[in-house]
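> quick one: sequence plus predicted model below, questions after.
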Amino acid sequence: MRNVKLTIEYEGSGYAGWQVQTNGLSIQEVLQVAIAAVTGEPEVKLIGSGRTDAGVHAAGQVANFRTETTIPAEALPHAINTKLPDDVAVLAAEDVPEGFHARYSAKGKTYRYSILNRRIRSPLARARTALVSRPLDVAAMRMAARDIVGEHDFAAFQSKPNGKPSVRTVTGLTVETVGEQIDVLITGNGFLYNMVRAIAGTLIEVGLGKRAPDSLAELIRSCDRSRAGPTAPAQGLCLLEVKY
C-alpha cells in the first residue's frame, strides 16, 4: 500500500467547497471519482490539508491518499487530469512515507486575498477578486497589518467558534499592489474558520477610513468577533501553499 501526496490547483467558483457534502458538488468528490477511475479502486479516501469554502480557490492545495496502484507517481497527474473537469488539476504527485497526513503533518499555510479596487466591476476578474469601488488607503492597511503578525488569540476573527483553542501564529502579512489589484498575503501555522476573510474584511475597513490603523491590537485583545470587520467575499481568497 502506497501513500501518495498530490498538489492540486482549482478554481472554486462552481463548487460547494473542498469537502464532500450533500448540498452540492465538492472538489474532494470530483478528485476521488477521478482517482478511482484511474486506479480501479472504488473506495478512494482523499485527505486534504484543510477545507476551503464554496467559491474559494487554490493554487497549492495538498492532499494524500492510499493506493495499491502500480502507476508511477510522475504519471499520476496526467492520468488523473484526463478524468477531471477543466477547473480542477493535479499539478504534482509523489510517494510519501506512511505517516504523512496532509492535514496533521502541515506546518503552515499561505493564503492570498485579492481585492479589485476600482469604480467599475470587472467581468474578467469577478470570480477571483472582491470588488471595492471606493479608493483604499493601502498605507493604512499596511500599518494595521503589523499588529496582526505574531502569536495571538484570534477569536475576534473566527466565525462559528467550536470551543477549541483559538491561539494561532501569523508569521507574515503583507499588502501588495499590482495595478488596480490589492493582494493581502498572509502566512501562519494555522487558521480559524473564516479567519483570513475576516482579517481581509477588517483591513478593507481600515483602507476605507472606517477604523483607525492602530485599532487592531485592541480588537485582537477583545476576542470579540462583533467588533471586527465583515467576512470578505469568498471569491477573493486563494490557498497558495501548504508548508511541511
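Looks like it came in fine. Note that the coordinates shown come from a computational prediction; the quantities given were computed from them, not determined experimentally. Numbering: from 1, shown residues only.

> count of neighbours near the residue lying closest to E11 once chain neighbours are set aside?
Spatial nearest neighbour of E11, excluding adjacent residues (Cβ to Cβ, 6 or more residues apart in numbering): D87 at 4.3 Å. All C-beta atoms are positioned from the backbone trio N, CA, C, and that covers glycine. Neighbour count of D87, defined by other Cβ atoms under 10 Å: 16.

> and D86, by the same measure?
For D86, the neighbour count with other Cβ under 10 Å is 7.

> hmm, K109 and G50 touching each other?
Yes: counting by Cβ atoms under 8 Å, K109 is a contact partner of G50 at 7.3 Å.

> quick one, helices of this protein?
Ranges of helices in the chain, per DSSP state H, are 27-39, 76-81, 138-145, 195-207, 216-222.

> most neighbours per residue, which of these?
Highest mean neighbour count among those (mean count of other Cβ atoms under 10 Å): helix 195-207, with a mean of 25.

> what about that helix, distance to the chain center?
15 Å (Cα atoms, centre = their mean, to the nearest Å).

> state the distance from I204 to L173.
Note on I204: its distance to L173, by Cβ to Cβ, to the nearest Å, is 14 Å.

> do L31 as well
For L31 relative to L173 (Cβ to Cβ), the value is 30 Å.

> list the contacts for I182?
Going by Cβ atoms under 8 Å, 6 or more residues apart in numbering, I182 touches S114, I115, N117, L136, V138, M141, V175, E176, G207.

> what of E9?
Contacts of E9 (Cβ under 8 Å, 6+ apart): A58, A59, G60, Q61, V88, A89, L91.

> so which of those residues sit within strands?
A58, A59, G60, Q61, V88, A89, L91 (DSSP state E).

> which of those sit farthest apart?
Using Cβ to Cβ, the two most remote members of those are G60 and V88, lying 13.4 Å apart.

> looking at these two, which one has more neighbours?
Neighbour totals were compared for G60 and V88, and V88 leads with 21 against 18 (other Cβ under 10 Å).

> what's the domain layout of this protein?
Taking automatic domain parsing as the criterion, the chain consists of the domains 2-96, 108-243.

> what's the closest of those domains to A102?
domain 2-96 (4.6 Å).

> endpoints of the closest one, how far apart?
Its first and final residues considered, domain 2-96 spans 8 Å by Cα to Cα, to the nearest Å.

> which residues touch the spatially most central residue of the chain?
Centre of the chain computed as the mean C-alpha position; nearest residue by Cα atoms, centre = their mean is L239, 3.3 Å away. Counting by Cβ under 8 Å, 6+ apart, L239 makes contact with G50, T52, V56, H57, A58, A59, G60, Q61, K109, T110, Y111.

> could you rerun that using 10 Å?
Contact analysis of L239 by Cβ atoms under 10 Å, 6 or more residues apart in numbering lists 8-10, 12, 18, 49-50, 52, 56-62, 109-112, 191, 196.

> quick check: closest non-adjacent residue to it.
Excluding the flanking residues, the one nearest L239 by Cβ to Cβ, 6+ apart is A58, at 4.2 Å.

> I'd like the mean pLDDT over stretch 232-244, please.
Mean pLDDT, computed over stretch 232-244, is 98.

> now do the strands in the chain.
Secondary structure of the chain (DSSP E): strands at 2-10, 47-48, 57-67, 88-96, 108-117, 130-132, 150-153, 167-178, 181-188, 237-243.
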